[in-house]
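Novice: after the sequence you'll find the predicted model.
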Amino acid sequence: MPIREPEGRRRFSLAGKLLFLVIAHVLLAAAAGAATAAWVSSTIAVFCVAALAGIVAALWSVGRLGAGAAHGLAALEDGVRSLRDSDYSLRLAVTRKDELGDLVGLYNQMADALRGERQDIKSRELLLDTVLQGVPVAIVLVRDNGRVVLSNRAARALLGAGHRLEGKSFDEVLAASPPELTEALSGEGSSLFTVAHGGGGGDDGEDETYRAIRRSFHLDGRGHVLVLVERLTPELRRREVEVWKKVIRVMSHEMNNSLAPIRSLVHSARAVLGRPEHSHRIEDIFDTVEERATHLAEFLEGYARFARLARPRKAEVAWDPFLDSTARLEPFHREGALPSRPGRFDAAQMQQVLLNLLKNARESGSPADDIRVSVSTTADGGSVLRVTDRGRGMSDEVLAQALVPFYSDKPLGTGLGLPLCSEILEAHGGRLRLQNREGGGLAVTCLLPP
């Protein structure tokens, strides 16, 4: 809000008042000297009386003028102190028609402008807080000292059991959260993860899928970290229903495209059987029927393979020969030393998982040297198999739907690779986590239980 210049014109300026006082003092001293000269003939006596009269008058007028100015300056000092303390309610009375009065008027206008701006900021903050508290995404703002400075209702429900998070250490908040969430928020970027058995606030016995986003930025010269955690389970279920409807339509369309010509060919075969001169066409009819039946069987097999995942046959598997056999089918580079303790899983199914992830890494455009596989163990004896690349990564939209069956952003993709990997890991009691890497690329983590 711009500050306007004081309206109206000053009656007297400070310089004008001082000039008037000087002239009045000179005239008063001259009058006193003239009156004294009429009674006394001594020049020294006349000078002393004139000087004394001028000094007394000057002291009196300066005292009056200074007292008013001091009162105005003291009021301005109180007003400036109130502005320093963010109190914009103090207004000063304009009782003077000089520069000091103009300064008091400017102070009042500045206080009004600051008060209006503060009210506007408070209204915006209230609107922003209302929006933040109403969104279903958990939002947490962490300062560079590791303390939470802002959290919304969804964040308190997810991370603090409904209690306030402001002022708490974010590390302590994460320590009381599910380990999947803690690990997902350990680095920058976006990640997709699943919390088992309602550990993230869902219904008991149900797994919950979340997308986490962590971004660093500077605000008022200090580093801050913005954390967003979105619950995707309802959205995934809705999308799964839509996908299954689409699958049914596709299957119905494909089956009709195969069954209609088969029915026509069977009708033609019956007609040919009654006419011996056309018997040579029987072989062509049977070949066409066989071709359409084979195509239909292969088409249905692709969908059935996802639905009839066998129960894993877990056994102890040494990591070195397992990775060697996989590298012969889909090359990669190892990263770090392998654990001495073997893993416990279905080797055939886990090799299918690893092959799918390596194929995705290669198709993402990553250089072959940047496709890496590492294996580590957790504190409780579980295994962590991680595949990293430097490809194009995943957008937030693709990341949110990556585990939805039959969803694919590839022109010829089936959308079964990652969902199948997730199904295999969940059948083992493990979890699949996707996370964009800082600097580009994707990190896919397979968590296997002890």
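Specialist: Here it is on my side, so go on. Source: prediction; values computed, not measured. Numbers count the residues shown, from 1 in each chain.
Novice: make it CA atoms for all contacts and neighbour counts henceforth
Specialist: Fine.
Novice: for Val332, what are its contacts?
Specialist: Just so we're on the same page, residue 332 is Phe rather than Val. Residues counted as contacts of Phe332 (C-alpha atoms under 8 Å, 6 or more residues apart in numbering) are 358, 368-369, 371-373.
Novice: one more pass at 10 Å, please.
Specialist: 323-324, 326, 358, 361-362, 368-373, 387, 389 (C-alpha atoms under 10 Å, 6 or more residues apart in numbering).
Novice: Ala161 should be in a strand, yeah?
Specialist: No - Ala161 sits outside any strand when classified using DSSP: H, G, I helix; E, B strand; the rest coil, being coil.
Novice: need the contacts of Phe332 in JSON lines with secondary structure, pLDDT and neighbour count, can you?
Specialist: Below are the contacts of Phe332 laid out as JSON lines (DSSP: H, G, I helix; E, B strand; the rest coil; pLDDT from 0 to 100; neighbours: other C-alpha atoms under 10 Å):
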{"residue": "Leu323", "secondary structure": "helix", "pLDDT": "93", "neighbour count": "19"}
{"residue": "Asp324", "secondary structure": "helix", "pLDDT": "92", "neighbour count": "14"}
{"residue": "Thr326", "secondary structure": "helix", "pLDDT": "91", "neighbour count": "17"}
{"residue": "Leu358", "secondary structure": "helix", "pLDDT": "93", "neighbour count": "25"}
{"residue": "Ala361", "secondary structure": "helix", "pLDDT": "91", "neighbour count": "28"}
{"residue": "Arg362", "secondary structure": "helix", "pLDDT": "91", "neighbour count": "20"}
{"residue": "Ala368", "secondary structure": "helix", "pLDDT": "91", "neighbour count": "15"}
{"residue": "Asp369", "secondary structure": "helix", "pLDDT": "91", "neighbour count": "11"}
{"residue": "Asp370", "secondary structure": "helix", "pLDDT": "93", "neighbour count": "16"}
{"residue": "Ile371", "secondary structure": "coil", "pLDDT": "93", "neighbour count": "22"}
{"residue": "Arg372", "secondary structure": "strand", "pLDDT": "94", "neighbour count": "20"}
{"residue": "Val373", "secondary structure": "strand", "pLDDT": "95", "neighbour count": "21"}
{"residue": "Val387", "secondary structure": "strand", "pLDDT": "94", "neighbour count": "23"}
{"residue": "Asp389", "secondary structure": "coil", "pLDDT": "93", "neighbour count": "28"}
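Novice: closest to Val131 among these?
Specialist: Nearest to Val131 out of the contacts of Phe332 is Asp389 (C-alpha to C-alpha; 37.6 Å).
Novice: what's the closest non-adjacent residue to the closest one?
Specialist: Ile371 (4.6 Å; C-alpha to C-alpha, 6 or more residues apart in numbering).
Novice: which of the contacts of Phe332 lies closest to Leu434?
Specialist: Val387 (9.9 Å).
Novice: is it true that that closest one touches Leu447?
Specialist: No - using C-alpha atoms under 10 Å, Val387 is not in contact with Leu447; the gap is 11.7 Å.
Novice: which SSE is Pro419 in?
Specialist: Using DSSP states H and E, Pro419 falls within helix 417-427.
Novice: tell me what that helix is packed against?
Specialist: Helices and strands touching helix 417-427, by 3 or more C-alpha pairs under 10 Å, 6 or more residues apart in numbering; DSSP states H and E, are helix 281-307, helix 347-363, strand 431-436, strand 442-448.
Novice: just so I know, which of those lies nearest Arg270?
Specialist: helix 281-307 (9.4 Å).
Novice: show me what counts as buried in the helix holding Pro419.
Specialist: For helix 417-427, burial by neighbour count (16 or more other C-alpha atoms under 10 Å) applies to 417-426.
Novice: now stretch 144-161
Specialist: By neighbour count with 16+ other C-alpha under 10 Å, stretch 144-161 contains the buried residues 146-156, 158-160.
Novice: return the member of those nearest to Arg81.
Specialist: Using C-alpha to C-alpha, Val149 is the member of these that sits closest to Arg81, with 28.2 Å.
Novice: let's verify that closest one: helix, strand, or coil?
Specialist: The assignment at Val149 comes out as strand when based on three-state DSSP.
Novice: that one and Arg156, how far apart?
Specialist: When C-alpha to C-alpha, to the nearest Å is applied, the distance between Val149 and Arg156 equals 13 Å.
Novice: got it, and Gly343?
Specialist: Applying C-alpha to C-alpha, the value for Gly343 to Arg156 is 37 Å.
Novice: follow-up on the earlier one: anything in contact with each of Val149 and Arg156?
Specialist: Shared contacts of Val149 and Arg156, counting by C-alpha under 10 Å, 6+ apart, come down to 140, 165-166.
Novice: give me every residue that touches Ala155.
Specialist: So Ala155 contacts 133, 136-140, 161-165, 227-230 (C-alpha under 10 Å, 6+ apart).
Novice: from those, which ones fall inside strands?
Specialist: Under the assignment DSSP state E, the contacts of Ala155 contribute 138-140, 227-230 to strands.
Novice: and the residues you listed as CSV, adding neighbour count and pLDDT?
Specialist: Shown next, in CSV, are the ones in strands among the contacts of Ala155 (neighbours: other C-alpha atoms under 10 Å; pLDDT from 0 to 100):
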residue, neighbour count, pLDDT
Ala138, 22, 88
Ile139, 21, 88
Val140, 23, 90
Val227, 22, 87
Leu228, 18, 87
Val229, 24, 86
Glu230, 19, 82
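Novice: now the two most distant members of those.
Specialist: The largest separation in the ones in strands among the contacts of Ala155, counting by C-alpha to C-alpha, is between Val140 and Glu230 at 11.8 Å.
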